[in-house]
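**Q** what follows is a predicted protein model with its sequence.
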Amino acid sequence: MIQMFSNSSSSKVGIVITDGKSSSTSATLTEAKNAKDQNINMFAIGVGTNIDNQELNGIASSTGQVLLVANYTLLAQQIKSLVDEICETTNPCDGCKMANGIGYNPHTDCDKYIQCEFTANFTLHQHHVKQCGYGTFWNQDKLTCNHIGNVACDKAP
């Protein structure tokens with residue numbers, strides 16, 4: 001990873017996905033430190049139940065950049081939100097419409113929406129990109145997915 005990024009001037013993000021504990025924790029943590037020393041923003045994802053949390057925290061640039069999922073199916077569901085979080089230059093929850101303590105914003109794709117979770121002091125905790133059901137688009141006014149004939153969407157195919 002370090003070699004791959006050596007001549008890059010763009011943002012450097014590394015994602016380590018592991019199913020547990022490496023065979024050499026010290027070597028893994030040394031390489032993670034070397035990557036962070038080269039300004040690579042490191043994320044660590046643990047999949048399964050046999051995960052060394054201390055090692056994941058050592059790989060990631062911060063404890064907020066550690067994700068735990070029970071299996072690879074759940075990982076696949078979380079990848080889009082993770083990519084949005086990593087690549088996002090603006091807060092996707094800015095100006096969200098609140099209902100029952102959850103914020104909602106439309107997504108650039110008509111059949112998706114952004115669900116925002118906040119802490120008790122209204123700091124953004126995390127956001128998720130959610131998919132509407134087949135034949136429905138997100139309706140920001142009603143905060144629900146609705147039949148495509150009932151929702152105006154400029155980007156509809």
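**A** Looks like it arrived, so ask away.
**Q** tell me which residues touch residue 41, please.
**A** 11, 12, 13, 14, 61, 65, 86 (CB atoms under 8 Å, 6 or more residues apart in numbering). No exception for glycine: its C-beta is placed from N, CA and C like everyone else's.
**Q** show me where pLDDT drops low in the protein?
**A** Residue ranges of the chain with pLDDT under 70: 84-85, 87-90, 155-157.
**Q** if we can go back for a sec, so which of the contacts of residue 41 comes closest to residue 79?
**A** Proximity of the contacts of residue 41 to residue 79 (CB to CB) peaks at residue 86, which lies at 10.4 Å.
**Q** now for whichever strand or helix holds the closest one, which elements pack on it?
**A** Per DSSP states H and E, residue 86 falls inside helix 72-87. Packing partners of helix 72-87 (3 or more CB pairs under 8 Å, 6 or more residues apart in numbering; DSSP states H and E): strand 13-18, strand 41-47, strand 66-69, strand 124-131.
**Q** one more pass at 10 Å, please.
**A** On a contact count with 3 or more CB pairs under 10 Å, 6 or more residues apart in numbering; DSSP states H and E, helix 72-87 meets strand 13-18, strand 41-47, strand 66-69, strand 112-118, strand 124-131.
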